[in-house]
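A.B. asks: fold the following.
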Amino acid sequence: MANHLSNSRLESKQRHKKKRRQRLILTILIPMFTIILVAAVYAAHLFATVENEIEGSFVEIERPEPAEEVNPIDQPVSFLFLGIDNDDDRQLQSTRADSIIYATLNPHTHEMNMISIPRDTYVPIMRNGNVVRWDRINAAYAIGEESVMVQTIEEWLDVPVHYYATFNFTAFLEVIDALDGIEMDVPVTIQEMDSNDNMGAIVLEEGYQSLNGEEALALARTRKIDDDVARGHRQQLIIEAIIDKALNFQSITKYTSIAETVGSNMRTNMRTSDMRAIAQTGLNQSFAVESHVFEWTSFMERDMDLVRIQPDSFSQIQYAIQDSLNRTERDTSQNAAETEENTTNTSSSKQNDDQ
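C.D. replies: Purely as a prediction, here's the structure:
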């Protein structure tokens, strides 16, 4: 009997530890620097390396007005993630953004909202409060890198961007290879160029399989099998697959090389203290992730193929992300109380009907 109780306590303790590990990573299901966070939490002896790499990637951006200071532990925060496809793998400048993801994280509702923005979306490009010109949204990066991209997103969506992180697609290759590949469901058989632009070098068969860095990048980049909306969703799934692989305890030993890879292929205005604060928000409860997809139509302007977001879709998603940034602990408690009251009233009504 004593042995049985001892085993039960051990199993309970192990389940608790496992859930805590999962909560830490599920806290911020966002691009690859989350892996660095896990490294800092799980392998304390690696923290000096992790912190040095992150601090070396820190770059503040110019804004017309200083960014609002937030405390991620008890305030909703927002992120802008940019994937840069540049011929010069070690540079994060003078190019257009290939992948644009806006995300919010609310520690009170324990929800994350993610939006993949089609790179050909036609918007006013903003700089210092003025419209530079109307163009594809990915052109904002070529005009003024993160500074202009952040200002353009904030003006277009009418939301703040508290943090940004820019990645070179080289990071995808090296991080995925460091994790010994990721598991993905390839929707159709495709033939795509590799990272050196060798045509047809990557051939993927339809079905669930393990992908190395080159193969995952080909799946993320291809535009032959669907449109920009589905392409953005594919990129989100690849990000999630990277994090899922990182949940494997055996991956922890690889975090030093991963930190070095991400650090040399990333720019961000997040400090390690910011990342630790974000991680702390997930210690008590995991986050629900809601992915939003814009509905859009294509059109031609100045001989360019462009994307116009449908007004109803824009308004719906804009409201969702604005609401996610405005909901407080008081709102959450009030909603919970209302839900409990409705449940009680429903139960009482059912009992009266039974009588």
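
A.B. asks: helices or strands next to the lengthiest strand in the chain in the packing?
C.D. replies: Ranked by residue count and defined by DSSP state E, the top strand of the chain is strand 97-106. Using 3 or more Cβ pairs under 8 Å, 6 or more residues apart in numbering; DSSP states H and E as the contact test, the elements touching strand 97-106 are strand 77-84, strand 111-116, helix 139-157, helix 228-246, helix 311-326. To be clear about C-beta, it is placed using only N, CA and C from the backbone, and glycine gets the same treatment.

A.B. asks: quick check: which of those is nearest to N130?
C.D. replies: Nearest of the helices and strands packed on strand 97-106 to N130, taken as Cβ to Cβ: helix 139-157 at 9.7 Å.

A.B. asks: so for E53, which of the helices and strands packed on strand 97-106 sits nearest?
C.D. replies: Counting by Cβ to Cβ, E53 lies closest to helix 228-246 out of the helices and strands packed on strand 97-106; the figure is 16.0 Å.

A.B. asks: tell me the angle that closest one makes with strand 97-106.
C.D. replies: Interaxial angle, helix 228-246 versus strand 97-106 (axes from the mean of the first three to the mean of the last three Cα atoms, to 10 degrees): 60 degrees.

A.B. asks: confidence-wise, which of the helices and strands packed on strand 97-106 is weakest overall?
C.D. replies: For those, mean pLDDT drops lowest on helix 228-246, to a mean of 73.

A.B. asks: what's the next secondary structure element after it?
C.D. replies: Per DSSP states H and E, the first helix or strand lying C-terminal to helix 228-246 is helix 255-264.

A.B. asks: packing partners of that next one?
C.D. replies: helix 33-42, helix 47-56, helix 170-178.

A.B. asks: what's the helix or strand following that helix in contact with?
C.D. replies: Per DSSP H and E, the first helix or strand lying C-terminal to helix 255-264 is strand 266-268. Strand 266-268 has contacts (Cβ atoms under 8 Å, 6 or more residues apart in numbering) with 32-33, 54, 57-59, 92, 146, 163-168, 171.

A.B. asks: cool, stretch 137-156 as well?
C.D. replies: Here stretch 137-156 has contacts from 59, 61-64, 80, 82, 84, 92-98, 100, 102, 117-128, 132, 159-161, 164, 166, 267, using Cβ under 8 Å, 6+ apart.

A.B. asks: alpha carbons of the helix or strand that contains I125, as CSV, please.
C.D. replies: Using DSSP H and E, I125 falls within strand 122-127. This file holds the C-alpha atoms of strand 122-127, laid out as CSV (Å, rounded to 0.1, in the frame of the first residue of the first chain):
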residue,chain,number,x,y,z
TYR,A,122,-2.2,47.3,-50.7
VAL,A,123,-1.8,49.8,-47.8
PRO,A,124,-0.5,53.3,-47.2
ILE,A,125,3.2,53.1,-46.2
MET,A,126,3.8,55.3,-43.2
ARG,A,127,6.9,57.2,-41.9
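
A.B. asks: now do it against helix 139-157, angle only.
C.D. replies: 100 degrees.

A.B. asks: against which helices or strands is strand 122-127 packed?
C.D. replies: So strand 122-127, by 3+ Cβ pairs under 8 Å, 6+ apart, packs with strand 130-136, helix 139-157, strand 304-309.

A.B. asks: before we move on, back to that, which of the helices and strands packed on strand 97-106 sits closest to G263?
C.D. replies: Closest among the helices and strands packed on strand 97-106, using Cβ to Cβ: strand 77-84, at 15.4 Å.

A.B. asks: pLDDT weak spots in the stretch 151-300 of the chain?
C.D. replies: 169, 227-229, 232, 243, 246-256, 279-286 (pLDDT under 70).

A.B. asks: excluding its backbone neighbours, what's nearest L157?
C.D. replies: In this structure, L157 finds its nearest non-sequential neighbour in Q318, 5.9 Å apart by Cβ to Cβ, 6 or more residues apart in numbering.

A.B. asks: hang on, that neighbour packs against I117?
C.D. replies: No - here Q318 does not reach I117: they are 11.8 Å apart, not a contact under Cβ atoms under 8 Å.

A.B. asks: more neighbours: the two, which one.
C.D. replies: Taking neighbours as other Cβ atoms under 10 Å, Q318 and I117 compare with I117 leading, 24 against 18.

A.B. asks: quick one: contacts for the nearest residue to E301 once chain neighbours are set aside?
C.D. replies: Take E301 and drop its neighbours on the chain: the residue closest to it by Cβ to Cβ, 6+ apart is Y122, 6.7 Å away. Contacts for Y122 (Cβ under 8 Å, 6+ apart) come out as 134-137, 299, 301, 306-308.

A.B. asks: between which two of these is the distance greatest?
C.D. replies: I137 and F299 (14.7 Å).

A.B. asks: run a quick neighbour tally on I278.
C.D. replies: With other Cβ under 10 Å as criterion, I278 counts 22.

A.B. asks: residues near the residue lying closest to it once chain neighbours are set aside, how many?
C.D. replies: Distances taken as Cβ to Cβ, 6+ apart put P72 closest to I278, at 4.5 Å, once the chain neighbours are dropped. Using other Cβ under 10 Å, P72 has 23 other residues around it.

A.B. asks: surely P72 and S273 touch.
C.D. replies: No - P72 lies out of contact with S273 (Cβ under 8 Å); the separation is 10.0 Å.

A.B. asks: dump stretch 311-328 to PDB, keeping only the CA atoms.
C.D. replies: Taking C-alpha atoms only, stretch 311-328 is exported to PDB below (Å, rounded to 0.1, in the frame of the first residue of the first chain):
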ATOM      1  CA  PRO A 311     -13.900  45.200 -45.400                       C
ATOM      2  CA  ASP A 312     -16.100  42.900 -43.300                       C
ATOM      3  CA  SER A 313     -13.200  40.500 -42.700                       C
ATOM      4  CA  PHE A 314     -10.900  43.400 -41.900                       C
ATOM      5  CA  SER A 315     -13.300  44.900 -39.300                       C
ATOM      6  CA  GLN A 316     -14.000  41.500 -37.700                       C
ATOM      7  CA  ILE A 317     -10.300  40.600 -37.200                       C
ATOM      8  CA  GLN A 318      -9.300  44.200 -36.300                       C
ATOM      9  CA  TYR A 319     -12.000  44.100 -33.500                       C
ATOM     10  CA  ALA A 320     -10.700  40.700 -32.300                       C
ATOM     11  CA  ILE A 321      -7.100  41.900 -31.900                       C
ATOM     12  CA  GLN A 322      -8.100  45.200 -30.400                       C
ATOM     13  CA  ASP A 323     -10.400  43.500 -27.900                       C
ATOM     14  CA  SER A 324      -7.600  41.000 -27.000                       C
ATOM     15  CA  LEU A 325      -5.400  44.000 -26.100                       C
ATOM     16  CA  ASN A 326      -8.100  45.800 -24.100                       C
ATOM     17  CA  ARG A 327      -9.500  43.000 -22.000                       C
ATOM     18  CA  THR A 328      -8.300  43.200 -18.400                       C
END
